[in-house]
Structures are given as C-alpha cells and as structure tokens.
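Enquirer: sharing a sequence plus its predicted fold:
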Amino acid sequence: MTIEEYILAHIDEEDPLLKELWRDANVNLLRPRMLSGHLQGRLLKLFCRMMRPQRVLEIGTYTGYATLCMAEGLSEGAMVHTIEINDEMEDFILNYFSKSPHRRKITLHIGDAMRIIPTLDEMFDMVFIDADKRLYAEYYDLVFPIVRPGGLILADNTLWDGKVVEEIHPSDKQSQGILAFNEKIKADDRIEKIILPMRDGLTMMWKK
C-alpha cells in the first residue's frame, strides 16, 4: 500500500456521485488527470465547512468535481460561482450538477473568466483558481479586490509536476505562468501564504 492509498483509506469516503463522475471522466475525457480527485475534494469541502463562506468563486470548472465538493461543504443560502471556458464541457458538467442535492448552491458560467468576473456583482469569501496556468497572475490580480479581508484564495497545480525546480523551455508558457505566479505571490505582503505539497501543489493565500 502506498502512502496515498493509506491516506485515501483513512479519510471520509468519496460520495457515490463523485465516484460516478470520476469513472465517467476517466473513460470519456482526454485529460481526466485534471480532476481535483478524492483527497483534494475532501480538503476543499472542509475549507468550506470551516470558513463558512457565503460566496465562493471557482475559475476553471472542468468536470465540476471540485465544484460539487465545495457545494457539499457550503451552508444553505451560500453559493459557488464556477466559470468554464470550454463550452463543450457544459453538457457533462450540467448532467452531474443536476444529480446533486447541492445543485441550488451552484451557478455555472460558460465563457472567459477574464470577461465574466468583472460582471459578477459579488464580494467573495473564497476563490479557487484552477484554469489556464498562463493566466494565473492575471486571475489573481482580477479577483484580489473582490475578496473580502480574511478571505481565502486557493491556487491549484503550483508545483506543476516538479517543473518549478527545473529549467523551463522558452516555449513552455504554462510552466512560465506558474513560475511567474509563484514569484508574484511570494512578494505580496497583503497576504499570508503557504504551498501544500499535495497532488500537484496547492497554494493557500489568506487576505490580511
């Protein structure tokens, strides 16, 4: 048994709907590895349980796995706005949202987050960034003013398969985007931050 298998065997079980989504994605989608997965999903749910956010913003829905986990942790009346740029994913996403008892807590936006976010008339308690790695720094600048003091910003994939400590090829714009974001966060004294070395790296930022 690996350490990861041991961890998964000793945390809350994966919801049956999430198991169904996971199997469906692994059979039918090209990049199922992009899913948050069981461990990170339970962590996102617990963040919502502990922080009790009323408004959550997710940039990068993909299959909706992480969205469903966060919605599960939200109290009644709270809402997660989730943005997915790939309109070909809409039917897949809505199929699973429609099966969830937490569907009323979710608003799906299809389109470019850089255009959609300025139209959201909300202040957010929690933001989860998991979209185009080339734009992480831009996403951060866009959402920072609409996160309340004491709010939490999360960014996924910030260790990027270990590429952050390797020499990056000039054409690798995604890796360059992650490196630029990490340096930006390191220098920002408006937040407290830490990188959790789980999966592909999860950065937590608490707005002072």
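Expert: Thanks, I have it.
Enquirer: the helix or strand harbouring Y140 packs against which elements?
Expert: Secondary-structure assignment from DSSP states H and E places Y140 in helix 136-143. Here helix 136-143 touches strand 55-59, helix 113-116, strand 124-129, strand 147-156, helix 173-187, going by 3 or more C-beta pairs under 8 Å, 6 or more residues apart in numbering; DSSP states H and E. Glycine gets a C-beta too; all of them are placed from N, C-alpha and C.
Enquirer: distance from the chain centre to it, please.
Expert: 14 Å (C-alpha atoms, centre = their mean, to the nearest Å).
Enquirer: buried ones in it, by neighbour count?
Expert: Residues of helix 136-143 classed as buried by neighbour count (16 or more other C-beta atoms under 10 Å): Y136, A137, Y139, Y140, L142, V143.
Enquirer: surely T67 touches I106?
Expert: Yes - between T67 and I106 there is a contact under C-beta atoms under 8 Å: 5.9 Å.
Enquirer: neighbour count: these two, which is higher?
Expert: T67 (31 against 23; other C-beta atoms under 10 Å).
Enquirer: distance of that one from L17?
Expert: 12 Å (C-beta to C-beta, to the nearest Å).
Enquirer: helices of this structure, start to end?
Expert: 3-9, 16-28, 37-51, 65-73, 90-99, 113-116, 136-143, 173-187 (DSSP state H).
Enquirer: in a markdown table: those, plus mean pLDDT.
Expert: Formatted as a markdown table, the helices of the chain follow (pLDDT from 0 to 100):
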| stretch | mean pLDDT |
| --- | --- |
| helix 3-9 | 92 |
| helix 16-28 | 96 |
| helix 37-51 | 96 |
| helix 65-73 | 98 |
| helix 90-99 | 97 |
| helix 113-116 | 98 |
| helix 136-143 | 98 |
| helix 173-187 | 95 |
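Enquirer: just name the most buried of the ones you listed.
Expert: Ranked by mean neighbour count, the helices of the chain are led by helix 65-73 with a mean of 26 (mean count of other C-beta atoms under 10 Å).
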